[in-house]
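>>> Provided below are the primary sequence and the corresponding predicted coordinates.
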Amino acid sequence: MSAETSSAHSIPDSMRAVVVYGPEDYRIEDRPVPTPGPGELLLRTDAVGVCASDLKCYHGAEKFWGGEYKEAWAERDRIPGHEFVGTIVAAGDGALDTRGVALGDRIACEQIVPCWECLYCERGGYWMCEVHDMFGFKGFDGAMAEYVLVPTRALTHRVSSELPGEHAAFSEPLSCAMHAVERAQIEFRDTVVVAGAGPIGLSAIAGARQKNPLRIVALDMVPEKLELAKACGADVAINFAEQDAVAEIKKMTGGYGADVYIEATGHPSAVSQGLNLLRKFGRFIEYSVFKEKVSVDWSIISDDKELDVLGAHLGPHCWPAAIKLIERGTLPMEQICTHQYPLEQFQEALDKVGDSSGSSVKVSILPNGRQPAAE
Ligand SMILES: NC(=O)c1ccc[n+]([C@@H]2O[C@H](COP(=O)([O-])OP(=O)(O)OC[C@H]3O[C@@H](n4cnc5c(N)ncnc54)[C@H](O)[C@@H]3O)[C@@H](O)[C@H]2O)c1
Ligand SMILES: [Zn+2]
Ligand SMILES: [Zn+2]
């Protein structure tokens, strides 16, 4: 190959990889290790997180496989995995210089691979790229494999090799949630409610903590997750299965309600919950992706409360800040990263994410096992 390769690492011809054959049909098999062309990098995968979206795709959700009004977006014959970090082991012409990196560096890649040509990319909104290629779903293979190719169009960020891989790969959900926090335009006097204390909600709490509002309230129904929410920076944790969340929040805000509600549950019930607990002129940030359609009393947004309802997608411009938070040890990463699996056990990893008893927070796959730097 014309690519520069790491002398410390000999690259095999084939690798183990999970391959999407279709909904509920993911298989592990041998695939050729890609050779980086000009501007491309080859990473040895250190860790890849498994997220709620991976699971929804696995189970055949309409957002991924299409339906009555939607075309399919996800592709078959693709290696899944979009939350990853890896170590650079080979580079095509110019790739190291362009990105200011060296062989042996660890990098995280943004999940979206922008086309850089569409209306949104041209206007600076690359994360809403019309083409919407994304590692592991469309256009490019992801990281549930021993190696992953970084195309020229991808956005990369350096991450410390000292961190355990699964901690470093958490920069993906953390940057996503921090984007939701940016959308909320939090002010010092605000009471911010975050619904859901999964990886996204916990990250939103950690991000909101950096903005130092008056009060951050976490809502969930799993006691361990509420404890973790406090460790991530929540001032108050409410178990909505035991307490009336709307009444509690009204009580702590002089009867008015919360200023900001960040919805990170994926459950339709959390939408009306948010509309009900916000004060007039409040801000509702929607980050979830729902399996079912959600119906609510839409007039609350207009006539009752004149709310700002803001969507948020991915984590643009938040990666360096997210990586810094993880590198500084600001988050309780040991508690957040609850499960790590070898590649051969990808099915167990998916099942663990799907386990509705709340037994996991962040589930990760370590395709090359535990690397020495992380021990
Ligand atoms: N927009 C994007 O770009 C993007 C990116 C990543 C994830 N997501 C979405 O964000 C959502 C959250 O992701 P996650 O990985 O943290 O999910 P998760 O399933 O791990 O966590 C959701 C949490 O919400 C709790 N919950 C359920 N109903 C609730 C309610 N009514 N009020 C409060 N809490 C409630 C659950 O107990 C659970 O702890 C998912 O829908 C996911 O698909 C969106
Ligand atoms: Zn994800
Ligand atoms: Zn584009």
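Now that the structure is in, tell me what you want to look at. Ligands and ions are numbered 1, 2, ... in the order given.

>>> what about stretch 196-210, near ligand 2?
No - using Cβ under 5 Å from the ion, stretch 196-210 never reaches ligand 2; the gap is at least 8.4 Å. The C-beta positions use only the backbone N, C-alpha and C, and glycine is treated the same way.

>>> which parts of the chain sit against ligand 2?
Residues of the chain found near ligand 2 (Cβ under 5 Å from the ion) are Cys51, Ser53.

>>> give me the neighbour count for the residue in the chain positioned nearest to ligand 2.
When distances are taken as Cβ to the ion, the chain approaches ligand 2 most closely through Cys51, which lies 3.2 Å from it. A count of neighbours around Cys51, defined by other Cβ atoms under 10 Å, yields 22.

>>> phi, psi of it?
Backbone geometry at Cys51, expressed as degrees, to the nearest 10, gives phi -120, psi 170.

>>> roughly how far does Thr265 sit from Ala204?
Note on Thr265: its distance to Ala204, by Cβ to Cβ, to the nearest Å, is 11 Å.

>>> ok, these two, which is more surrounded?
Residue environment comparison for Thr265 versus Ala204 gives the larger neighbour count to Ala204, 36 against 24, counting by other Cβ under 10 Å.

>>> what's the first helix or strand after the helix or strand hosting that one?
In this structure, Ala204 is located in helix 199-211 according to DSSP states H and E. The helix or strand immediately downstream of helix 199-211 is strand 215-220, counting by DSSP H and E.

>>> how far is that following strand from where the chain is centred?
Relative to its chain's centre, strand 215-220 lies at 20 Å (Cα atoms, centre = their mean, to the nearest Å).

>>> am I right that Asp30 is in a helix?
No - counting by DSSP: H, G, I helix; E, B strand; the rest coil, Asp30 falls outside a helix, being strand.

>>> against Ile285, how distant is it?
Here the criterion is Cβ to Cβ. By it, Asp30 lies 43 Å from Ile285.

>>> who's more crowded, the two?
More neighbours sit around Ile285 than around the other of Asp30 and Ile285, counting by other Cβ under 10 Å; the figures are 25 against 11.

>>> tell me which element the residue lying closest to that one once chain neighbours are set aside is part of?
Nearest-residue entry for Ile285: Ile262, 4.6 Å, with adjacent residues in sequence omitted and distances by Cβ to Cβ, 6 or more residues apart in numbering. Assignment of secondary structure by DSSP H and E places Ile262 within strand 258-263.

>>> could you export that strand as CSV, CA atoms only?
Extracted in CSV, the C-alpha atoms of strand 258-263 (Å, rounded to 0.1, in the frame of the first residue of the first chain):
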residue,chain,number,x,y,z
ALA,A,258,-39.3,25.2,35.2
ASP,A,259,-37.6,27.6,32.8
VAL,A,260,-36.0,24.8,30.7
TYR,A,261,-36.9,21.2,30.0
ILE,A,262,-34.5,18.9,28.2
GLU,A,263,-36.3,15.8,27.0
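
>>> can you offset everything so residue one is 8?
Right, with 8 as the first residue, what we last looked at is strand 265-270.

>>> what sits closest to the spatially most central residue of the chain if chain neighbours are left out?
Per Cα atoms, centre = their mean, the C-alpha nearest to the average position across the chain is that of Pro180, at 2.7 Å. Beyond its immediate neighbours in the sequence, the residue positioned closest to Pro180 (Cβ to Cβ, 6+ apart) is Pro206, lying 4.4 Å away.

>>> tell me if I'm right that the one you found and Lys369 touch.
Yes - with contact defined as Cβ atoms under 8 Å, Pro206 counts as touching Lys369 (5.0 Å).

>>> overlap in contacts, those two.
Taking Cβ atoms under 8 Å, 6 or more residues apart in numbering as the contact rule, the neighbours common to Pro206 and Lys369 are Gly56, Phe177, Pro180, Ile343.

>>> residues in this structure within reach of ligand 1, list them.
Contact residues, the chain versus ligand 1 (Cβ under 6 Å from any ligand atom): 58-60, 183, 202-208, 226-229, 232, 247, 271-274, 276-277, 280, 294-296, 320-321, 365.

>>> I'm done for today, thanks for sticking with me.
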